[in-house]
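Need a 3D model of the sequence below.
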Amino acid sequence: MPEAEEGLAFRDPAKRRGLQFAVLPMTKLEVISHQRKASDSHVKRVADSVDRVGFLAPVVVVERDGGGYLIIDGQHRFLAAKELGLRRIPAVIAPRDVARRMLTLNVEKEPNIRERSAVALSIYRELVEAEPELGEDDAEVADAVQQAHYVTLGLAYQASGRLAGSLYEPILRRCDGFMDEALAEALPIREARAGRVVEAHQLVREVTDRLKDAGAWHEFAGAQIISYANPLKRARKQHSFDQTFDKLVAKLESLGDHPEKVLRGG
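Numbering: from 1, shown residues only. Below you'll find the predicted structure:
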């Protein structure tokens with residue numbers, strides 16, 4: 001029996017855009033490259049569920065230029081189907097213009113800050129390559145990456161895998177918004193900003209090491225060090241990235257040979 005791909009056309013009841021439902025061959029499906037890393041335990045749970053009740057929740061895909069389809073929502077269902085040896089699975093075929101938004105809004109597994117940043121950076125790089133003259137503050141970019149500082153953190157994570165991004169996020173939210181620059185010009189600025197985050201991270205580690213040597217280290221020392229040096233603790237409005245990190249780095253450097261000042265507060 002042929003593996004026909006003819007499907008049912010319908011309209012999304014919320015946005016009224018045209019969609020199609022079809023049962024697609026597994027050989028024509030591939031998970032999009034900047035999807036979050038799959039969880040083996042979650043794949044097993046999904047496989048157990050499918051084995052018991054069937055494959056009832058379609059994956060969401062977009063057509064590829066060279067043929068076939070990219071899965072933008074449902075990688076765990078796809079991997080579970082692979083594990084079970086299924087030849088075809090149900091899918092909703094969506095317009096390409098919703099693919100980036102789907103990736104950032106995918107709630108199958110709550111992503112942590114590292115995962116959100118990795119996805120945002122991957123999408124950002126794709127936009128830089130496809131539309132280098134597009135303004136970084138364009139709504140399309142904001143819809144795709146959600147928060148500008150995710151891109152900065154994504155670059156910082158690439159430079160320093162041990163970065164504790166969640167500790168810097170409260171500061172970045174206040175000083176690292178979308179820029180009035182074309183994407184091609186904005187990317188080098190983001191790379192420089194990531195460098196400042198890594199610089200601050202290295203200084204925090206140095207202070208942490210000194211606290212360990214003094215027998216004063218504790219589990220939340222990193223957060224306490226950043227809180228001590230944070231120049232925006234009492235600020236209410238957006239601030240300049242460069243000024244903020246100049247002050248942050250200077251405060252961290254000022255600890256010098258007296259890291260115990262952190263334990264007494266700012």
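
pLDDT value on the residue lying closest to Ala164 once chain neighbours are set aside, please?
In space, and not counting its chain neighbours, Ala164 is closest to Gly222: 5.9 Å by Cβ to Cβ, 6 or more residues apart in numbering. For every residue, glycine as well, the C-beta is placed using N, CA and C. Here, the pLDDT recorded for Gly222 equals 84.

Ok, His201 next?
At His201, pLDDT is 94.

Show me which residues of the host helix or strand of it are buried.
Following DSSP states H and E, one finds His201 within helix 183-213. Residues of helix 183-213 classed as buried by neighbour count (16 or more other Cβ atoms under 10 Å): 183, 186-187, 190, 193-201, 203-208, 210-211.

Packing partners of that helix?
helix 113-130, helix 148-159, helix 165-175, helix 221-229, helix 241-254 (3 or more Cβ pairs under 8 Å, 6 or more residues apart in numbering; DSSP states H and E).

Tell me which residue is most central in this structure.
Arg116 (1.9 Å; Cα atoms, centre = their mean).

Would you confirm that that residue contacts Tyr150?
Yes. With contact defined as Cβ atoms under 8 Å, Arg116 reaches Tyr150; the gap is 5.5 Å.

Flag the shaky bits of the protein, pLDDT-wise.
1-6, 33-36, 99-111, 235, 264-266 (pLDDT under 70).

give me that answer again for 80
1-7, 15, 32-39, 65-66, 96-111, 161, 213-219, 233-238, 256-257, 259-266 (pLDDT under 80).

list the buried ones in the longest strand anywhere in the chain?
In terms of residue count, the longest strand belonging to the chain (DSSP state E) is strand 18-25. Residues 19-20, 22-24 are the ones in strand 18-25 that count as buried (16+ other Cβ under 10 Å).

And for stretch 173-185?
Result for stretch 173-185 [16+ other Cβ under 10 Å]: buried residues 174-179, 182-183.

Farthest pair within those?
Arg174 and Ala182 (24.5 Å; Cβ to Cβ).

sorry, back to before: winner for burial among the helices and strands packed on helix 183-213?
helix 148-159 (a mean of 24; mean count of other Cβ atoms under 10 Å).

three-state assignment of Glu219?
Following DSSP: H, G, I helix; E, B strand; the rest coil, the label given to Glu219 is coil.

just Arg16 next, same as before
Once three-state DSSP is applied, Arg16 turns out coil.

give me the number of residues near it?
By other Cβ atoms under 10 Å, 7 other residues sit near Arg16.

Tell me the bridge partners for Asn24.
Just so we're on the same page, residue 24 is Leu rather than Asn. Listed beta-bridge partners, Leu24: Ile89 (assigned using DSSP bridges).

how far away is it from Ala148?
According to Cβ to Cβ, to the nearest Å, Leu24 stands 36 Å off from Ala148.

is it true that Leu183 touches Glu133?
Yes. Applying Cβ under 8 Å as the test, Leu183 and Glu133 come out as touching, 7.4 Å apart.

picking up where we left off before, looking at the buried residues of stretch 173-185, which is nearest Gly165?
Asp176 (12.2 Å).

on that earlier part again, and the residue nearest to the centre of the chain, how far from Gly222?
20 Å.

Repeat that for Leu248.
14 Å.

how about Asp137, what does it touch?
Shown in contact with Asp137 (Cβ atoms under 8 Å, 6 or more residues apart in numbering): 178-180.

Rebuild these as JSON lines, extending it with secondary structure.
Formatted as JSON lines, those follow (three-state DSSP):
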{"residue": "Phe178", "secondary structure": "coil"}
{"residue": "Met179", "secondary structure": "coil"}
{"residue": "Asp180", "secondary structure": "coil"}
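
Tabulate those (a markdown table), appending distance to Ser240.
Listed next are the contacts of Asp137 as a markdown table, based on distance: Cβ to Cβ, whole Å:
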| residue | distance to Ser240 |
| --- | --- |
| Phe178 | 14 |
| Met179 | 12 |
| Asp180 | 14 |
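
Many thanks, I have nothing further to ask.
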